[in-house]
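K.L.:
using only what follows, build the 3D model:
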Amino acid sequence: MASPRTRRLLLDAESIRRRLAGWPLIEISGTAGIPPEIYRFTYHVKGLYVDPTGNILERDTHLLEVNLSLGYPRRAPQCRMLTPVFHPNFDDSTVCVGDFWAASEGLEDLVIRIGRMIAYQESNTKSPLNGLAAKWASQNAGLLPIDARAIAPPSATATEMPPSAAETLGPSSSEKQTVSFIAPSQMPGDDTNPDQQADPWDKKIVIQQ
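P.N.:
Prediction:
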């Protein structure tokens, strides 16, 4: 008979594949173990990073690694970004999930929540891993979220179909654009026809040292 941990890993694998099937904003890009104990997820979500010259830039592709250690699910998964993210709750080695993780939470819910964090739909500036990002987020609340789209797939009972990849992904990840100070109504995801808008990402924000 399978151990409780193995049964949980099997349940996670089934649930997360079913939840993310066909959803263009989050995809499972790799797993290790049978059942999987290590996952890699690719997010097609707008977020921020800092370039070597100190500019805060937008990127729309992010890679996350999730390690379900021997203490899982009593202990939170070990999550780290493999691509740079400028966010109060991310650093080079980890994503802070301990503040909200519970053993009863599904792995798919955690992965979706990290996507919301990348998009600046969620952040905790009170106990940040990146103090500079927390200061920037507090001073520039009018710019947030960076990506206002719904990160979670529609529920199984929803009548609408998920958006196509072309509708959802927007510019290719190779198009690194610079964030500007704009009103929330002008943020990406606004209902205005994007073909009629000027490019809103054309001004620099430089981190003040």
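K.L.:
buried set for stretch 65-82?
P.N.:
By 16 or more other C-beta atoms under 10 Å, the buried positions in stretch 65-82 come out as 65-66, 68, 72-73, 76-79, 81. For glycine as for every other residue, the C-beta is placed from the backbone atoms N, C-alpha and C.
K.L.:
and for stretch 21-40?
P.N.:
For stretch 21-40, a neighbour-count test (16+ other C-beta under 10 Å) marks 23-26, 28, 31, 35-37, 39 as buried.
K.L.:
do the same with stretch 37-56
P.N.:
Of the residues in stretch 37-56, those buried by neighbour count under the rule 16+ other C-beta under 10 Å are 37, 39, 41-50, 56.
K.L.:
next: stretch 106-117.
P.N.:
Those would be 107-117, for stretch 106-117 by 16+ other C-beta under 10 Å.
K.L.:
could these go into TSV alongside pLDDT?
P.N.:
As requested, the buried residues of stretch 106-117 are exported to TSV (pLDDT from 0 to 100):
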residue	pLDDT
Leu107	94
Glu108	95
Asp109	94
Leu110	96
Val111	97
Ile112	96
Arg113	95
Ile114	97
Gly115	97
Arg116	97
Met117	97
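K.L.:
in helices, which of those residues appear?
P.N.:
107-117 (DSSP state H).
K.L.:
now tabulate the residues you listed in TSV and tack on distance to Leu11.
P.N.:
Formatted as TSV, these follow (distance: C-beta to C-beta, whole Å):
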residue	distance to Leu11
Leu107	9
Glu108	10
Asp109	13
Leu110	14
Val111	15
Ile112	17
Arg113	18
Ile114	19
Gly115	21
Arg116	23
Met117	24
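K.L.:
out of those, flag the one nearest to Ser15.
P.N.:
Ser15 lies nearest to Glu108 out of these, by C-beta to C-beta, at 5.4 Å.
K.L.:
any stretches of this structure with poor pLDDT?
P.N.:
156-209 (pLDDT under 70).
K.L.:
number of nearby residues for Arg5?
P.N.:
16 (other C-beta atoms under 10 Å).
K.L.:
which residue packs closest to it, ignoring adjacent ones?
P.N.:
The shortest distance from Arg5 to any non-neighbouring residue, by C-beta to C-beta, 6 or more residues apart in numbering, is to Tyr72 (7.1 Å).
K.L.:
is it true that the one you found touches Pro4?
P.N.:
No. Using C-beta atoms under 8 Å, Tyr72 makes no contact with Pro4, being 11.0 Å away.
K.L.:
ok, and the closest non-adjacent residue to the residue nearest the centre of the chain?
P.N.:
Nearest residue to the geometric centre of the chain (C-alpha atoms, centre = their mean): Gly115, 2.1 Å. Spatial nearest neighbour of Gly115, excluding adjacent residues (C-beta to C-beta, 6+ apart): Ile151 at 4.1 Å.
K.L.:
wait, what's in contact with that neighbour?
P.N.:
By C-beta atoms under 8 Å, 6 or more residues apart in numbering, the residues touching Ile151 are 25-26, 45, 112, 115-116, 119, 121.
K.L.:
TSV please, covering those and showing distance to Val95.
P.N.:
Output for those, formatted as TSV (distance: C-beta to C-beta, whole Å):
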residue	distance to Val95
Leu25	17
Ile26	14
Val45	14
Ile112	13
Gly115	11
Arg116	12
Ala119	14
Gln121	15
